[in-house]
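[1] need a structure here:
(one chain, ligands or ions: 2)
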Amino acid sequence: MTDEYDVIVLGGGPVGENVADRAVQGGLTAVIVESELVGGECSYWACMPSKTLLRSPQALRAARRVGGSAEAVTGRLDVGAVLARRNEFTSHWKDDGQVSWLDSAGIALVRGHGRLSAERQVTVTLAGGGEQILTARHAVAVCTGSDAAVPAIPGLREAAPWTSREATSAQEVPPSLVVIGGGVVAVEMATAFASLGSQVTVLARSGLLSSLESFAAELVADGLRELGVDVRTGVDTLAVVRDDDGVTVRTDGGEVRAAEILVATGRRPRSTDIGLDVVGLKAGAPITTDDTLRVPGMDWLYAVGDVNGRVLLTHQGKYQARAAGDVIAARARGEAADVAAWGRHMATADHAAVPQVVFSEPEVAAVGLTEAAARRTRHRVRAVDVEFSSVAGASLHEDGYRGRARMVVDEDRQVLLGVTLAGPDVAELIHAAAIAVVGQVPLKRLWHAVPSYPTMSEVWLRLLEAYGRDSA
Ligand SMILES: Cc1cc2nc3c(=O)[nH]c(=O)nc-3n(C[C@H](O)[C@H](O)[C@H](O)COP(=O)(O)OP(=O)(O)OC[C@H]3O[C@@H](n4cnc5c(N)ncnc54)[C@H](O)[C@@H]3O)c2cc1C
Ligand SMILES: NC(=O)c1ccc[n+]([C@@H]2O[C@H](COP(=O)([O-])OP(=O)(O)OC[C@H]3O[C@@H](n4cnc5c(N)ncnc54)[C@H](O)[C@@H]3O)[C@@H](O)[C@H]2O)c1
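    Ligands and ions are numbered 1, 2, ... in the order given. Down below sits the predicted model:
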């Protein structure tokens, strides 16, 4: 059976869904090929389940940190209810709701494993058996995402470790958990499982959260230790052995025993078994694209989201998807693409304006460049820091609020290159910084963006004061 669509989207995660939706809104027909659940990693094994596991303990801690409400909190976390809430948020790992949304958006769905089999052609090994050949009049968008990478540590694979999938979908909390890695997954899952009652050990080869400002990583390490986590940095894992009672992890700094082991050492693109070799691309590598998410040298092939390795975040993948879906539709209509920096069809923000929130204890929210990254790319950079203890809204927010903010300024243009906030509940503050970075708002104008009193946003005023009005 052969079917023809304007656009074939390989992979129905958050990114694939958005590429298809924008293409259909641009007047094209689109089909999504999905081998597991429509909604992808984010909905079932990543963002949503991890954030539900983190949210209930965070709410409880927040109540305990405010005089008056603290006295009212006399119970303990209901772990069963937390897991049940997580099960609701993942729709019990069923995708009926997302499939209905595809229907309502006019997007066709083929269930099975898709591979590029020729230019503009995808062959699907159907979930129900048999094959279906799909051809695209205009474009194929590869949105197959990423998998957990499991490093070649002796005994690790044989020990059948948890990856983020098993951690986020766990139906029981192990009494103890050892986590290999020091990135976002390691930190968030250590926070979640320690809060749910596990005795957690983190084995981080280098430091924690090494792509973020080091002051934020230090606050997070302190927070983990306060939750009872044994955080070991600069530790190399040498071997893993599983027995009937759990795992033994041998490191260059001694042994760790735990009931369960989680590997959180990064991701690899799902590009091994999707027919890339058929079109002359390297299997297993991230698929390189230009800023319109098109693969150089192929006017019909796009790669969007985790699989292109640009930024491994749902919101940034969806941003790419809006650009890609729109540019596919524009090119199909014979229109010129808007390819100036910050143009409609360009994922310009991927380069230096990516926002990210780490839902740790305390939270870290950042956008743009760290001070070190800015110094590597610019000549004249100045960073200023303020403690949240100088902000009345933070003291009101919780007793003894501890946190810090940093803004990184391009001294020549007097605009922000990056902002990092670390402290309880800073997540919702970062979008203001994203607007300032993307909008390249001059510092002297930012003085007129007055934060309300007494909110935590007054940290902006403190940052400007620390920088000095006469300097801007
Ligand atoms: C534990 C964890 C927590 C995270 N938390 C956050 C967070 O809080 N915020 C955030 O922004 N990001 C978070 N991320 C990152 C986020 O999950 C990814 O960036 C996002 O899922 C990428 O979306 P995607 O559509 O590119 O890929 P995916 O979500 O991986 O979707 C790809 C889809 O393609 C399908 N597929 C693959 N190959 C084929 C094939 N050959 N044929 C058919 N279908 C195929 C897959 O089944 C899947 O459904 C987290 C990641 C992890 C691991
Ligand atoms: N809140 C969020 O936005 C969120 C949450 C989770 C994940 N994510 C995204 O998912 C992606 C994957 O996260 P991640 O934490 O798996 O990857 P990561 O790249 O953030 O961190 C990987 C960690 O593993 C360590 N590591 C790598 N190889 C190792 C080895 N052989 N032995 C020991 N340690 C090793 C690294 O030093 C690093 O600390 C990230 O890009 C992240 O942005 C985002």
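[2] which residues does the residue of the stretch 251-400 of the chain found nearest ligand 1 contact?
    Minimum separation of the stretch 251-400 of the chain from ligand 1 (Cβ to the nearest ligand atom) falls at residue 305, amounting to 2.4 Å. Glycine gets a C-beta too; all of them are placed from N, C-alpha and C. With contacts defined as Cβ atoms under 8 Å, 6 or more residues apart in numbering, the neighbours of residue 305 are 11, 13, 14, 15, 16, 143, 145, 317, 320, 321.
[3] do residue 150 as well
    With contact taken as Cβ under 8 Å, 6+ apart, residue 150 is in contact with 156, 157, 161, 163, 263, 265.
[4] same check, this time on residue 356
    Contact analysis of residue 356 by Cβ under 8 Å, 6+ apart lists 184, 313, 365, 366, 367.
[5] wait, a strand at residue 256?
    Yes - Residue 256: assigned to a strand according to DSSP: H, G, I helix; E, B strand; the rest coil.
[6] contact residues of the stretch 101-250 of the chain facing ligand 2?
    Residues of the stretch 101-250 of the chain found near ligand 2 (Cβ under 6 Å from any ligand atom) are 151, 180-186, 188, 204-206, 237.
[7] show me those residues that map onto strands.
    Among these, the members falling in strands (DSSP state E) are 180, 204, 237.
[8] grab the nearest non-local neighbour of the residue of the stretch 251-400 of the chain closest to ligand 1.
    Computed as Cβ to Cβ, 6 or more residues apart in numbering, the closest residue to residue 305 that is not its neighbour in sequence is residue 15, at 3.1 Å.
[9] so where does that neighbour fall, helix or strand?
    Element membership of residue 15, judged by DSSP states H and E, is helix 14-25.
[10] closest to ligand 1 out of the residues of the stretch 101-250 of the chain next to ligand 2?
    Distance to ligand 1 across those (Cβ to the nearest ligand atom) is lowest for residue 185, with 4.7 Å.
[11] give me the neighbour count for that closest one.
    Residue 185 is flanked by 23 other residues according to other Cβ atoms under 10 Å.
[12] the helix holding residue 15 near ligand 1 anywhere?
    Yes - Helix 14-25 reaches ligand 1 (Cβ under 6 Å from any ligand atom) through 14, 15, 16.
[13] for these, pick the one with the most neighbours.
    Of these, residue 15 is surrounded by the most neighbours, 32 neighbours in total, counting by other Cβ under 10 Å.
[14] for residue 358, see how far away the closest residue to ligand 2 within the stretch 151-300 of the chain is.
    Residue nearest to ligand 2 within the stretch 151-300 of the chain: residue 183 (2.0 Å; Cβ to the nearest ligand atom). Going from residue 183 to residue 358 by Cβ to Cβ, to the nearest Å gives 9 Å.
[15] those two: who's more crowded?
    Counted by other Cβ under 10 Å, residue 183 and residue 358 do not tie: residue 358 has more neighbours, with 23 against 19.
[16] any idea how this structure splits into domains?
    Per automatic domain parsing, the domain ranges recorded for the chain read 2-39+95-147+268-349, 157-265, 362-467.
[17] just put these in TSV and tack on mean pLDDT.
    Supplementary listing: the domains of the chain in TSV, determined by pLDDT from 0 to 100:
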stretch	mean pLDDT
domain 2-39+95-147+268-349	98
domain 157-265	97
domain 362-467	97
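[18] all the helices of the stretch 351-472 of the chain, residue numbers only.
    Ranges of helices in the stretch 351-472 of the chain, per DSSP state H, counting those that start in this stretch, are 371-377, 392-397, 430-439, 443-446, 459-467.
[19] where do the contact lists of residue 183 and residue 358 overlap?
    By Cβ under 8 Å, 6+ apart, residue 183 and residue 358 have these common neighbours: residue 209.
[20] contacting residues around stretch 406-417?
    213, 215, 352, 368-371, 374, 378-385, 418-420, 433, 436-437, 440-444, 446, 463, 467, 472.
[21] and the residues you listed, which of them are buried?
    The neighbour-count criterion (16 or more other Cβ atoms under 10 Å) marks 213, 215, 352, 368-371, 374, 378, 381, 383-384, 418-420, 433, 436-437, 441, 443, 446, 463, 467 among the contacts of stretch 406-417 as buried.
[22] tell me which helix or strand residue 114 sits in.
    Taking DSSP H and E as the criterion, residue 114 maps to strand 108-118.
[23] what parts of the stretch 251-400 of the chain come near ligand 2?
    264, 265, 266, 267, 312, 313, 356, 357, 358, 359.
[24] what's the offset of stretch 254-271 from the middle of its chain?
    With Cα atoms, centre = their mean, to the nearest Å as the basis, stretch 254-271 stands 18 Å off its chain's centre.
[25] do that stretch and ligand 1 come into contact?
    Yes - interface with ligand 1: stretch 254-271 contributes residue 270 (Cβ under 6 Å from any ligand atom).
[26] measure that stretch end to end?
    This stretch, stretch 254-271, spans 37 Å end to end (Cα to Cα, to the nearest Å).
[27] now do the end-to-end distance for stretch 294-311.
    End to end - Cα to Cα - stretch 294-311 spans 16 Å.
[28] ditto for stretch 422-439
    For stretch 422-439, the first-to-last residue distance is 23 Å (Cα to Cα).
[29] just stretch 19-34 next, same as before
    Stretch 19-34 has an end-to-end distance of 14 Å (Cα to Cα).
[30] start the count at 318 instead of 1 going forward.
    Okay, residue one is now 318; in that scheme the one you just asked about reads as stretch 336-351.
[31] doesn't residue 712 make contact with residue 775?
    No - counting by Cβ atoms under 8 Å, residue 775 does not reach residue 712; the two are 10.7 Å apart.
[32] which one of these two has more residues nearby?
    Counted by other Cβ under 10 Å, residue 775 and residue 712 do not tie: residue 775 has more neighbours, with 19 against 15.
[33] what residues are up against the more buried one?
    By Cβ under 8 Å, 6+ apart, the contact list for residue 775 reads 708, 709, 710, 768, 769.
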